[in-house]
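Asks: model this:
(4 chains)
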Protein chains: 4
Amino acid sequence: MTAFQVQDPDYEARVRKTFAGQPTVITLGITLAKIEPGTLELRMPYDAKFSQQNGFLHGGVVSTGLDTACGLASYTLMPAAADILTVEFKVNLLAPAKGRTFRFVGNVVKAGRTLVIAEGRAFASDGDREKLIATMSATMMTITRPS
Amino acid sequence: MTAFQVQDPDYEARVRKTFAGQPTVITLGITLAKIEPGTLELRMPYDAKFSQQNGFLHGGVVSTGLDTACGLASYTLMPAAADILTVEFKVNLLAPAKGRTFRFVGNVVKAGRTLVIAEGRAFASDGDREKLIATMSATMMTITRPS
Amino acid sequence: MTAFQVQDPDYEARVRKTFAGQPTVITLGITLAKIEPGTLELRMPYDAKFSQQNGFLHGGVVSTGLDTACGLASYTLMPAAADILTVEFKVNLLAPAKGRTFRFVGNVVKAGRTLVIAEGRAFASDGDREKLIATMSATMMTITRPS
Amino acid sequence: MTAFQVQDPDYEARVRKTFAGQPTVITLGITLAKIEPGTLELRMPYDAKFSQQNGFLHGGVVSTGLDTACGLASYTLMPAAADILTVEFKVNLLAPAKGRTFRFVGNVVKAGRTLVIAEGRAFASDGDREKLIATMSATMMTITRPS
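Replies: Down below sits the predicted model:
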């Protein structure tokens, strides 16, 4: 993996603030587990309110976790005065999202000036062993705020 | 558009039952607005609990609505003893999900024996005019239940 | 469908020049069939040199036709001093690319300042009837050339 | 990475035969560089006939290489009497395909009974150093031939 250089030394505080400002992730019970340049990890406990017809976590919720992980992983590398926007993502749901806890990992693949490309992996765990349940490939965009 | 033939004359009751059995869509406040062979429409009021950092509906929630619309549109064409599974989807977020109500439309493009390909469109409305905010391209799979 | 406004009144000449400057499309025998603001249509005869193991047109070649149609459809709406770049695309191969002639249609869904989102449809024909064989969802980027 | 078990001990001969039976890859000058359970690597020299308007390898050709690598990587794990079909793929073009030689690597992420999910990486080289130019996320399908 490539080592990424941050443009904003205070990237961690900025990522934590943006994360905390997203009501959806709070409502879903998602928490920040790791923040590093170009990498981000989230955790979420199973919640029956966000399940599908067979009692597993809904694919849309898995996508929300992956989108957030990929977006914030990209955001670690952006300049201080930047907003972030998801342009598009593709999700492959590999196995039922069956477990007590979930882990969403986002990794930057290429950080361009305007666009950042990231990949995500979602895992389900029942305590003992973890299983890969979904992958994401995403394009994020840097929006420079007028100063 | 192609006219699709249903395999199960009771497809509407089956779709309504599967929809009602998904806690996530109930939690999000999504309701069924239209069910036709190969087409499905959902509606959702804005809910600040499911917003992102700028107060708009979260992209992951938009994806959940589109995934559900594409999945159930595909499900209208499946046989009675079938389960449905999302294999993958891609979402393009075209504009901020800013509005008081949202509409998610799913349309089947090709209904194969094992796989069904569907497309989705998400719209935001502030009462007067509606705006296209996202598109989806999805692959759904028919799982035949052992009888 | 939305009616799109061109920024460059000479868009047609510009699109024809860019098309003619792409050796790959010439090598594949692709020709321009229609150019309109936000829409582009290409045609290609079957060529066994570009087939796959069952004698049908290779999926990668179908993707090349769709990418070109989506890219040039987007390019019709860009300013005169702009280059175009494919950011990403997703292809669904719906049916074998079996036919004597192929048609690739690209349509712009949303034209932003930096990014243009387009959709493509590929059709195969044996003379009498045409069949939808593939769909594309693509993101294109405007690169402004230094003047 | 997971270690994959092959179902067909003669997978290598079967992959080589399917590869050699695809006129498109021969026309493009692509060659097989590595075959392992769940992994496949291809090489291709630059050819101006398959370039785009700036002289770089065309994105559609890069996609063809990645599709072939992902497809054959998936095919290594399929049973002897199986055909393979690309259901869909998404490509992110990260950098211009500028180089004298190209390398396309496909890796299986999940091998299901009917569907196989694979990821691809394309690299360009000018002799000294190699650069990641594109990624792919693909869904392949096993078609069982009637025996």
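
Asks: what's the angle from the longest helix anywhere in chain A to helix B:59-75?
Replies: In chain A, assigned by DSSP state H, the helix with the most residues is helix A:59-75. Here helix A:59-75 points in a direction 140 degrees away from that of helix B:59-75 (axes from the mean of the first three to the mean of the last three C-alpha atoms, to 10 degrees).

Asks: Tabulate the CA atom coordinates of helix A:59-75 in PDB.
Replies: In PDB, the C-alpha atoms belonging to helix A:59-75 read as follows (Å, rounded to 0.1, in the frame of the first residue of the first chain):
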ATOM      1  CA  GLY A  59     -27.700  -3.900   2.400                       C
ATOM      2  CA  GLY A  60     -28.500  -0.100   2.300                       C
ATOM      3  CA  VAL A  61     -27.200   0.200   5.900                       C
ATOM      4  CA  VAL A  62     -24.000  -1.700   5.000                       C
ATOM      5  CA  SER A  63     -23.600   0.700   2.100                       C
ATOM      6  CA  THR A  64     -24.100   3.700   4.400                       C
ATOM      7  CA  GLY A  65     -21.300   2.300   6.600                       C
ATOM      8  CA  LEU A  66     -19.000   1.700   3.600                       C
ATOM      9  CA  ASP A  67     -19.800   5.100   2.000                       C
ATOM     10  CA  THR A  68     -19.000   6.800   5.300                       C
ATOM     11  CA  ALA A  69     -15.700   4.900   5.800                       C
ATOM     12  CA  CYS A  70     -14.600   5.600   2.200                       C
ATOM     13  CA  GLY A  71     -15.700   9.200   2.400                       C
ATOM     14  CA  LEU A  72     -13.900   9.900   5.600                       C
ATOM     15  CA  ALA A  73     -10.800   8.000   4.500                       C
ATOM     16  CA  SER A  74     -10.700  10.300   1.500                       C
ATOM     17  CA  TYR A  75     -11.300  13.300   3.800                       C
END
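
Asks: looking at it, residue A:36 is touching residue A:76, isn't it?
Replies: Yes: contact criterion C-beta atoms under 8 Å: residue A:36 and residue A:76 qualify, at 7.2 Å. C-beta: built from backbone N, CA, C; applies to glycine.

Asks: who has more neighbours, these two?
Replies: residue A:76 (24 against 14; other C-beta atoms under 10 Å in any protein chain shown).

Asks: Contact partners for that one?
Replies: A:4, A:6, A:11-12, A:15, A:35-40, A:108 (C-beta atoms under 8 Å, 6 or more residues apart in numbering or on different chains).

Asks: tell me, which of those make contact with chain C?
Replies: Counting by C-beta under 8 Å from any C-beta of the partner chain, the subset of the contacts of residue A:76 that neighbours chain C is empty.

Asks: Can you flag the buried ones in the residues you listed?
Replies: Neighbour-count burial (16 or more other C-beta atoms under 10 Å in any protein chain shown) applied to the contacts of residue A:76 gives A:4, A:6, A:11, A:15, A:35, A:37-40, A:108.

Asks: can you map out the helices along chain A?
Replies: With DSSP H as the criterion, chain A has helices spanning A:11-20, A:23-27, A:59-75.

Asks: Mean pLDDT and distance to residue C:83 added to those helices, as TSV?
Replies: Below are the helices of chain A laid out as TSV (pLDDT from 0 to 100; distance: least, C-beta to C-beta, whole Å):
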stretch	mean pLDDT	distance to residue C:83
helix A:11-20	97	32
helix A:23-27	97	37
helix A:59-75	98	24
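
Asks: most packed of these?
Replies: When you average the neighbours per residue for each of the helices of chain A (mean count of other C-beta atoms under 10 Å in any protein chain shown), helix A:59-75 leads with a mean of 28.

Asks: Give me every residue in chain A lying close to chain D.
Replies: A:90, A:92, A:94-95, A:109-110, A:117, A:119, A:132, A:135, A:137, A:139.

Asks: follow-up on the earlier one: compare the helices of chain A and report which one is nearest to chain B.
Replies: Of all the helices of chain A, helix A:59-75 sits nearest to chain B, with 2.5 Å by C-beta to the nearest C-beta.

Asks: ok, the closest one near chain C or not?
Replies: No: contact of helix A:59-75 with chain C (C-beta under 8 Å from any C-beta) is absent, the minimum separation being 13.6 Å.

Asks: Residue nearest the middle of chain A, spatially speaking?
Replies: In chain A, the C-alpha nearest the mean C-alpha coordinate belongs to residue A:69, at 0.9 Å (C-alpha atoms, centre = their mean).

Asks: What pLDDT is listed against the residue nearest to that residue when sequence neighbours are not counted?
Replies: Spatial nearest neighbour of residue A:69, excluding adjacent residues (C-beta to C-beta, 6 or more residues apart in numbering or on different chains): residue A:106 at 3.3 Å. Looking at residue A:106, its pLDDT reads 98.

Asks: does residue A:106 have beta-bridge partners, and which?
Replies: residue A:40, residue A:120 (DSSP bridges).

Asks: Tell me which other helices or strands the longest strand seen in chain A touches.
Replies: Criterion DSSP state E: the longest strand present in chain A is strand A:130-144. In terms of contacts (3 or more C-beta pairs under 8 Å, 6 or more residues apart in numbering or on different chains; DSSP states H and E), strand A:130-144 is packed against helix A:59-75, strand A:82-93, strand A:101-111, strand A:115-125, strand D:82-93, strand D:101-111, strand D:130-144.

Asks: repeat that for 7 Å
Replies: helix A:59-75, strand A:82-93, strand A:115-125, strand D:82-93, strand D:130-144 (3 or more C-beta pairs under 7 Å, 6 or more residues apart in numbering or on different chains; DSSP states H and E).

Asks: so which of those is the most packed in?
Replies: Ranked by mean neighbour count, the helices and strands packed on strand A:130-144 are led by helix A:59-75 with a mean of 28 (mean count of other C-beta under 10 Å).

Asks: what's the angle from that helix to strand A:101-111?
Replies: Angle of helix A:59-75 versus strand A:101-111, following the same axes, to 10 degrees, is 40 degrees.

Asks: what's the angle between helix A:59-75 and helix A:11-20?
Replies: Using the same axes, to 10 degrees: helix A:59-75 against helix A:11-20 is 150 degrees.

Asks: Run through chain A and note the low-pLDDT ranges.
Replies: Applying pLDDT under 70 to chain A flags the ranges A:1-2, A:146-147.

Asks: Would you mind listing what in it touches chain B?
Replies: Residues of chain A lying close to chain B by C-beta under 7 Å from any C-beta of the partner chain are A:18, A:21-24, A:27, A:48-53, A:58-61, A:63-64, A:67, A:86-93.

Asks: before we move on, the earlier item: and the residue nearest to the centre of chain A, what is it in contact with?
Replies: By C-beta atoms under 7 Å, 6 or more residues apart in numbering or on different chains, the residues touching residue A:69 are A:40-42, A:104-106, A:120.

Asks: Now with 6 Å, please.
Replies: Contacts here follow C-beta atoms under 6 Å, 6 or more residues apart in numbering or on different chains; on that basis residue A:69 touches A:40, A:42, A:104-106, A:120.

Asks: now swap in residue A:73 and tell me
Replies: Residue A:73 neighbours (C-beta under 6 Å, 6+ apart): A:39-40, A:106-108, A:118.
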